[in-house]
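[1] fold the following and give me the result.
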Amino acid sequence: MEDILVIVLMWFIFYNSSRYVTVFLKG
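    A predicted model of the protein is given here:
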């Protein structure tokens, strides 16, 4: 259970960071 939580957390951070980078580059 904890492993899944860590994976989801890492994916969430990676998804948000990649989205912010895309917005930053377009801006």
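
[2] from residue 22, how far off is residue 3?
    The gap separating residue 3 from residue 22 is 29 Å, by CB to CB, to the nearest Å. Where C-beta positions appear, they are placed from N, C-alpha and C, glycine not excepted.

[3] tell me which of those two has more neighbours.
    Set side by side, residue 3 and residue 22 show more neighbours around residue 22, with 10 against 7, by other CB atoms under 10 Å.

[4] who touches the helix or strand hosting that one?
    Assigned by DSSP states H and E, residue 22 belongs to helix 2-26. The contact list for helix 2-26, computed with CB atoms under 8 Å, 6 or more residues apart in numbering, is empty.

[5] let's number from 37 now, not from 1
    Noted, 37 is the first residue going forward, which turns the last one into helix 38-62.

[6] avg pLDDT for it?
    When pLDDT is averaged over helix 38-62, the result is 95.

[7] report the distance from that helix to the chain centre.
    Distance of helix 38-62 from its chain centroid, counting by CA atoms, centre = their mean, to the nearest Å, is 0 Å.

[8] and if you look at stretch 54-63?
    Centroid separation between stretch 54-63 and its chain, computed with CA atoms, centre = their mean, is 13 Å.

[9] equivalent analysis for stretch 37-49, please.
    Computed by CA atoms, centre = their mean, the chain-centroid distance of stretch 37-49 equals 10 Å.

[10] how about that stretch as PDB, C-alpha atoms only?
    Output of stretch 37-49 as PDB, limited to C-alpha atoms (Å, rounded to 0.1, in the frame of the first residue of the first chain):
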ATOM      1  CA  MET A  37       0.000   0.000   0.000                       C
ATOM      2  CA  GLU A  38       2.800   2.400   0.900                       C
ATOM      3  CA  ASP A  39       4.700   1.700  -2.300                       C
ATOM      4  CA  ILE A  40       1.600   2.600  -4.400                       C
ATOM      5  CA  LEU A  41       1.200   5.800  -2.400                       C
ATOM      6  CA  VAL A  42       4.800   6.800  -3.100                       C
ATOM      7  CA  ILE A  43       4.500   6.000  -6.800                       C
ATOM      8  CA  VAL A  44       1.300   8.100  -7.100                       C
ATOM      9  CA  LEU A  45       2.900  10.900  -5.200                       C
ATOM     10  CA  MET A  46       6.000  10.900  -7.500                       C
ATOM     11  CA  TRP A  47       3.800  10.700 -10.600                       C
ATOM     12  CA  PHE A  48       1.700  13.600  -9.400                       C
ATOM     13  CA  ILE A  49       4.800  15.800  -8.700                       C
END
